[in-house]
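Participant: Generate a structure from the sequence data that follows.
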Amino acid sequence: MRVEPEVDLAALRQLLRGRYGRAVTRFVFLPKGLDSWSYVAEVENGSRVFVKLMEPTRPDAERRRGAELPLMTGLAELGLRVPRPIADLDGRLMSRFDRFELTVLEHLEGRTLEDETAWPEPLYARVAGLLGAIHGSTSSVRHLVPRTERYELPFLPSLVDTLHRLVAGAPLPAGEHPTLAGLRDLLAPRAAELLELVGVLEAMRDQARERGGDTVLCHTDFWGSNLLLDEDGQLSALDWDGAVIGPPEHDLFMFAGTAFFPADRFGWFLDRYEDAFRPISLDADVFGFYFYRRNIEDLAEFVASLTAGGGDDADLRAALGYTADLVDEWPALERRTAAVRQLLRARA
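Facilitator: This is a model prediction of the structure:
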């Protein structure tokens, strides 16, 4: 859970009045997010805005900084339900506040779907329709998306190096923390299996790069925490900083039998997605690439957090538990790919 940063809220209030014309009466901190801090700011006229603070420390920050804001504006102008960025009085979509980059967004009412364990059919259909509409917007917003899917795997060298160190019993920054011992017990006996999966992923990467076919606007993290449902049943898509132009499989794989969505409903989901978009040719091997990459990339992130040291015991234990869940998922990766291949053949 995100902890509120030490910021001068009075100074933030003054900035929002002077630069954005918003007289804020109260800030409500939202303890969510991985690389940002967010507030709902209540304005004296009864409206609300969403305020997001981010430290420009990501490795690709210079290239990606604020890139999603013109895209979100373009999508909102097309009528898609996304939080519209609010420009300051000089027309800029991003400002500086203390050590942070600051963006102000339209506040959308509703609740996210991250805690839903099973989606009712009408909601599942709305999600398919929204994803189809997003992919269908590509020709209008392609010029606003600077990133293209390159099928890169930047997390692999560090993961493989750490795996070898775990197997060899070499020292790591976390020292002898109990969770590090648990990580060794979990991964060392299965090191060969993980290295084999890495080889499969690299081969799938090479195949995906050679594939032609459609490219569309991909959200790349289109699941419950980034979907907002209001009281009228309207669905909005949040958090566009991962947007790329890439194959539709990049978004669709989430609905093809991952832990979030049942495999036996994927054909039904595709029907409603294509109704909102158009019939489209899909490749099971590209689905496989995303199944494997999501698992191993998430694994690499948790392994890095466990071996770096720092953090409280509860967070480290949770990270170890998530790592174990990802390891348990390995046998399912090929089964999911095979199930998608069978479904696509039947649909063809």
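
Participant: Can you get me a residue count around D206?
Facilitator: 11 (other C-beta atoms under 10 Å). Quick note: C-beta positions are derived from backbone N, CA and C, even for glycine.

Participant: I misspoke; the intended subject was L238.
Facilitator: Counted with other C-beta under 10 Å, the neighbours of L238 add up to 19.

Participant: And what about L12, helix, strand or coil?
Facilitator: Assigned state for L12: helix (three-state reduction, DSSP: H, G, I helix; E, B strand; the rest coil).

Participant: Assess the claim that it and F29 are in contact.
Facilitator: No: applying C-beta atoms under 8 Å, one finds L12 not in contact with F29, separated by 11.5 Å.

Participant: Of these two, which one has the most company?
Facilitator: Of the pair L12 and F29, L12 is the one with more neighbours under other C-beta under 10 Å, namely 20 against 16.

Participant: so what's the more buried one up against?
Facilitator: 24, 27, 51, 97 (C-beta atoms under 8 Å, 6 or more residues apart in numbering).

Participant: Now the longest helix anywhere in the chain: buried residues?
Facilitator: Taking DSSP state H as the criterion, the chain has its longest helix at helix 284-308. Neighbour counts over helix 284-308 (16 or more other C-beta atoms under 10 Å) mark 284, 286-303, 305-307 as buried.

Participant: For E210, give its distance to V286.
Facilitator: 11 Å (C-beta to C-beta, to the nearest Å).

Participant: Correction: the previous question concerned E149.
Facilitator: On the measure of C-beta to C-beta, E149 and V286 end up 10 Å apart.

Participant: do the same with L320
Facilitator: In this view, L320 and V286 are 31 Å apart by C-beta to C-beta.

Participant: sorry, back to before: between E149 and V286, what contacts are shared?
Facilitator: Common neighbours of E149 and V286 (C-beta under 8 Å, 6+ apart) are P247.

Participant: tell me which element L282 falls in.
Facilitator: Assessed by DSSP states H and E, L282 sits outside every helix and strand.

Participant: which ones are touching it?
Facilitator: Taking C-beta under 8 Å, 6+ apart as the test, what L282 contacts is 248-249, 252, 344.

Participant: L69: which of those is nearest?
Facilitator: Nearest to L69 among the contacts of L282, counting by C-beta to C-beta, is P248 at 23.9 Å.

Participant: Could you list the low-pLDDT ranges of the stretch 201-348 of the chain?
Facilitator: 259-260 (pLDDT under 70).

Participant: And the strands in it?
Facilitator: 216-218, 227-229, 235-237, 244-246 (DSSP state E, counting those that start in this stretch).

Participant: Include distance to A191 when you put the ones you listed into JSON lines, please.
Facilitator: Listed next are the strands of the stretch 201-348 of the chain as JSON lines, based on distance: least, C-beta to C-beta, whole Å:
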{"stretch": "strand 216-218", "distance to A191": "33"}
{"stretch": "strand 227-229", "distance to A191": "37"}
{"stretch": "strand 235-237", "distance to A191": "39"}
{"stretch": "strand 244-246", "distance to A191": "31"}
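
Participant: so of the ones you listed, which one's packed in deepest?
Facilitator: strand 216-218 (a mean of 25; mean count of other C-beta atoms under 10 Å).
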